[in-house]
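[1] Any chance you can model this:
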Amino acid sequence: QVQLVESGGGLVQAGGSLRLSCAASGRTLSSLAMGWFRQAPGKEREFVARISWSGDTTYYADSVKGRFTISRDNAKNALYLQMNSLKPEDTAVYYCAAAGNIDLLRRGGANYWGQGTQVIVSS
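    Residues are numbered from 1 along each chain as shown. Okay, here's the model as predicted:
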């Protein structure tokens with residue numbers, strides 16, 4: 001079993017930056033593909049970014065490409081999301097996710113989810 005705990009959310013002005021972190025316990029993340037999803041009020045959860053177990057391959061939603069960077073540190077059992085040039089439409093609860101197969105993340109699913117961290121971007 002894997003427990004995922006996100007941190008780093010908060011209130012930021014448009015154009016600002018935040019760095020989200022996801023700490024894992026219970027199992028090493030080094031064999032798991034990982035990703036970030038988000039859910040805005042009144043909307044369905046959507047994919048943001050994913051990264052392979054080795055960190056060699058990343059993929060981003062078009063809406064965040066060029067502004068967000070996903071990374072991982074398997075030695076620290078951690079996942080990160082650097083968010084720059086934030087926009088009000090980035091306001092959402094951000095969830096860390098882990099999957100034994102990256103195809104599951106591609107389909108919008110995961111084996112493990114964090115509880116989420118709130119990001120609010122003011123205009």
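[2] Surely residue 35 and residue 45 touch.
    No: the pair residue 35 / residue 45 is not scored as a contact, 11.4 Å apart, by CB atoms under 8 Å. The C-beta positions use only the backbone N, C-alpha and C, and glycine is treated the same way.
[3] neighbour-wise, which of the two wins?
    More crowded of residue 35 and residue 45, by other CB atoms under 10 Å: residue 35, with 28 against 16.
[4] In contact with the more buried one, which residues?
    47-51, 70, 96-99, 105, 110 (CB atoms under 8 Å, 6 or more residues apart in numbering).
[5] repeat for residue 66
    No contacts exist for residue 66 under CB under 8 Å, 6+ apart.
[6] What confidence value was assigned to it?
    We have a pLDDT of 98 for residue 66.
[7] And residue 90, by the same measure?
    The predicted local confidence for residue 90 is 98.
[8] So it versus residue 30, what's the distance?
    29 Å (CB to CB, to the nearest Å).
[9] more crowded one of the two?
    Neighbour tally, residue 90 and residue 30, criterion other CB under 10 Å: the higher count belongs to residue 90, 22 against 12.
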